[in-house]
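# Need coordinates for the following:
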Amino acid sequence: MIRLIKNNGYKWVSKDGVHFKGFFFVGDILYKPPEAICYFKNVENKEHFLELIRNLNGSFSVVIEREMKVFAAVDRARSMPLYFSDDFQIISDCSEDIRKLLGIEKQAVNRTHLYELLANNYLMFNKTVYSEIRQLNLGQALTVENGIGSVEYYYRHVSSIKDIEEEQAKSMLREKTYNAFKRLKQIIAGRPVVLSLSGGYDSRLVACMLKEFGVENVSCYTYGRFDSSEIQLSKKIAENLGYRWRCVEYTDAMIKSIFSEKYKSYFAENLNHDYSFYLQNLLAVTELQEEGWFEKGSVFLTGLCGDLPSGAYVVTSNYFKDQQIDEKFCAMRFYEDHYLNKYQPNTNIEVEILHEIYDDIKTIGIDIKNIQDYVRVYDCLETGSVHSRAYLHANKPHEFIGGEWLLPLWDNDWLEYWYSLPMRYRTSQNLYEQWMQEGLFEKYDVAFKKERIFKDSYQVRKMQLRTRAKYKIGGIIAHITLTMGIPLKRKVDYNNFSVGSVVCYKDVKNRRLINYMKGNFATIFTTWVCEQHYGAETVKESLKLVESFRI
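This next block holds a predicted model:
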């Protein structure tokens, strides 16, 4: 049974057994419906299907029905997810739809999976909180023949390393960036552009490249607290580029409105049991739509997720001091970085999660023997974690108002360029920052430096060790202020979400299970969401898998 029901933004188009949404390039040739349907019309076997989708560069989902066969795939970013029942009898773009069709009780969750959702705010690989419902990971395809299903990767986010000189690396970066935006301009096709513009480098790169390619009908928006330094940077960048700009202030009243009837349909549309909900730009997008600030037919752009391939997470050699670098070491490091931010699970769950990470590492096909090998594998894992599982949900508010969106910095060639660079060019985003500042930002008078929060995960680890006492004191203060119903408005709370923390905390039943040292909005909100959907007692049972809080 094929159940494709989500048509906000990009619409499903169906013909001759092919169901498609999105767009893609093959080389520099653009395919969108109906051309994209024709591209798949002759697919009859898995080998042909995999051969075709390996060549695609874009954002899409596709499902093909043939006699006794079904083929399905998501793009390399998993930007348009697909879910399926564990017996491969149902495929849908909505896991809640599958849950209802299968008659699964809301509380009948896999306790380990729910624990991971509470700990991470998202689930990785093929999981949802229900054992009976799975999903395609980024770069994966599904085949069902005679009722028997299989899932495999057609693409992994890795590339062979090319040891080149720095000037050649910069020249190649310019070439890859310009080619990516040449394709982007083609899909924009003269439509008005709306850009989510922070004070960071990634959205600034997008803004400058739009200017470079003569795209003038650009409106930039930002949001949060007016005292945020990033808002002032955003305004300067838009003004210097001659683009329209607007900031939506996130007042206390606006934050509280998230939990009102107004956004009930947003939560219903985006309930997929593998992530909580993306809220950062939701208020801004809906506010601007209500004002009529967006031009009709606008296409929405973001700078997601340029910091990942360019090297923000690439480690220094200090990270590996006195360590044996292999697949098990990589699995453990990824586990520690992503699964221990809030809770320490019991040994059985830890072993289960580590095995899952290790098994995925083995499918990447790299025998880890040195630091560079480690970075290549970690690239692949990191891309498939918070970047595709959480950050790309920034487009859900755009879909909520019926808008189409593009991902400029997920272009295949641009990503593979970064993956192929020796790590010395990527550590601390050295090459990326230098090329943008000198080669692009100075040209448009937007070469403002952005304050670095951290350089790599080794430095983060050192910082955390030095500030244990600070974390403990902060946890005590957070506990007191939440209990008293007072928002703790830290300087780094750019979006004023501390107000949302207080709203959620009032309804949370498992308060004593919250790690107040990590008691930020995401933690409290995810706990609240899970209690709302799966029940407070179910959440309590899942958190019994916790041995201790993680400092």
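# make it CA atoms for all contacts and neighbour counts henceforth
OK.
# and Ser310, what does it touch?
Trp418, Arg426, Gln429, Leu431, Tyr432 (C-alpha atoms under 8 Å, 6 or more residues apart in numbering).
# Can you tell me which of these is closest to Asn126?
Proximity of the contacts of Ser310 to Asn126 (C-alpha to C-alpha) peaks at Trp418, which lies at 26.1 Å.
# circling back to that earlier point, quick one: which of the contacts of Ser310 sit in helices?
Using DSSP state H, the members of the contacts of Ser310 that fall within helices are Trp418, Leu431, Tyr432.
# Leu421 is in contact with the last one, correct?
No: contact between Tyr432 and Leu421 fails when scored by C-alpha atoms under 8 Å: they sit 11.4 Å apart.
# Run through this protein and note the low-pLDDT ranges.
Residues of the chain meeting the criterion pLDDT under 70: 317, 450-471, 547-551.
# Let's see that with 50 instead.
Scanning the chain for pLDDT under 50 picks out 453-458, 460-466, 549-551.
# Farthest from the middle of it: give me that residue.
Distance from the centre of the chain peaks at Glu67, with 35.3 Å (C-alpha atoms, centre = their mean).
# List phi and psi for it.
Glu67 adopts backbone torsions of phi -60, psi 120, taken as degrees, to the nearest 10.
# how near is it to Gly17?
The gap separating Glu67 from Gly17 is 10 Å, by C-alpha to C-alpha, to the nearest Å.
# same check, this time on Lys296
32 Å.
# Who has more neighbours out of those two?
Gly17 (15 against 10; other C-alpha atoms under 10 Å).
# which residues of the stretch 1-150 of the chain fall in helices?
35-39, 46-53, 95-102, 111-120 (DSSP state H, counting those that start in this stretch).
# Also the stretch 201-350 of the chain?
Under DSSP H, counting those that start in this stretch, the stretch 201-350 of the chain gives helices at 201-212, 229-241, 252-257, 264-269, 282-291, 307-310, 327-339, 347-364.
# The third one - contacts with which helices or strands?
Okay, so that is helix 252-257. helix 498-507 (3 or more C-alpha pairs under 8 Å, 6 or more residues apart in numbering; DSSP states H and E).
# Helix or strand next in line after the helix it packs on, which one?
Using DSSP states H and E, the helix or strand that directly follows helix 498-507 along the chain is helix 521-534.
# and the angle from that next one to helix 111-120?
150 degrees (axes from the mean of the first three to the mean of the last three C-alpha atoms, to 10 degrees).
# what packs against helix 521-534?
Helix 521-534 sits against helix 111-120, helix 498-507, helix 536-542, with contacts defined as 3+ C-alpha pairs under 8 Å, 6+ apart.
# Report the distance from the second one to the chain centre.
In other words, helix 498-507. Offset of helix 498-507 from its chain centre (C-alpha atoms, centre = their mean, to the nearest Å): 24 Å.
# Return the set of buried residues in it.
For helix 498-507, a neighbour-count test (16 or more other C-alpha atoms under 10 Å) marks Ser498, Val499, Gly500, Ser501, Val502, Val503, Cys504, Tyr505 as buried.
# any chance of those residues in CSV, with distance to Val194 too?
As requested, these are exported to CSV (distance: C-alpha to C-alpha, whole Å):
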residue, distance to Val194
Ser498, 28
Val499, 28
Gly500, 27
Ser501, 30
Val502, 32
Val503, 31
Cys504, 31
Tyr505, 34
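# with the residues you listed in mind, which one is nearest to Pro33?
Taking C-alpha to C-alpha as the measure, Pro33 lies nearest Gly500 of the buried residues of helix 498-507, at 40.7 Å.
# how close does that closest one get to Gly485?
Counting by C-alpha to C-alpha, the gap between Gly500 and Gly485 amounts to 11 Å.
# Settle this for me: Asn121 is touching Tyr278, isn't it.
No: using C-alpha under 8 Å as the test, Asn121 is too far from Tyr278 to be in contact (10.2 Å).
# between these two, who's got more neighbours?
Remark: of Asn121 and Tyr278, Asn121 carries more neighbours, 22 against 19, as counted by other C-alpha under 10 Å.
# distance of that one from Ser131?
Taking C-alpha to C-alpha, one finds Asn121 at 18 Å from Ser131.
# Ser219: which of the helices of the stretch 201-350 of the chain is closest?
helix 229-241 (8.6 Å).
# quick revisit: most packed of the helices of the stretch 1-150 of the chain?
Highest mean neighbour count of these: helix 111-120, a mean of 24 (counted as mean count of other C-alpha atoms under 10 Å).
# That helix - contacts with which helices or strands?
Contact partners of helix 111-120 among helices and strands, from 3+ C-alpha pairs under 8 Å, 6+ apart: helix 327-339, helix 521-534, helix 536-542.
# so how far is stretch 486-493 from its chain's centroid?
Distance, centroid of stretch 486-493 to centroid of chain: 25 Å (C-alpha atoms, centre = their mean).
# actually stretch 197-211, not the one I typed
Relative to the chain's own centre, stretch 197-211 is displaced by 18 Å; criterion: C-alpha atoms, centre = their mean.
# Same check on stretch 393-411?
Distance, centroid of stretch 393-411 to centroid of chain: 11 Å (C-alpha atoms, centre = their mean).
# when you give positions from now on, start the count at 12
Understood, numbering begins at 12; the last thing we discussed is stretch 404-422.
# List the contacts of that stretch.
Residues contacting stretch 404-422 (C-alpha under 8 Å, 6+ apart): 19-21, 68-70, 88, 191-192, 195, 217, 277, 281, 288-293, 296-297, 300, 308-317, 426.
# Need the helices of the stretch 212-361 of the chain in a markdown table (columns: distance to Ala47).
As requested, the helices of the stretch 212-361 of the chain are arranged in a markdown table below (distance: least, C-alpha to C-alpha, whole Å):
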| stretch | distance to Ala47 |
| --- | --- |
| helix 212-223 | 26 |
| helix 240-252 | 35 |
| helix 263-268 | 40 |
| helix 275-280 | 26 |
| helix 293-302 | 30 |
| helix 318-321 | 28 |
| helix 338-350 | 37 |
| helix 358-375 | 29 |
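# Domains of the chain: list them as residue ranges, please.
13-164, 177-320+418-466, 478-560 (automatic domain parsing).
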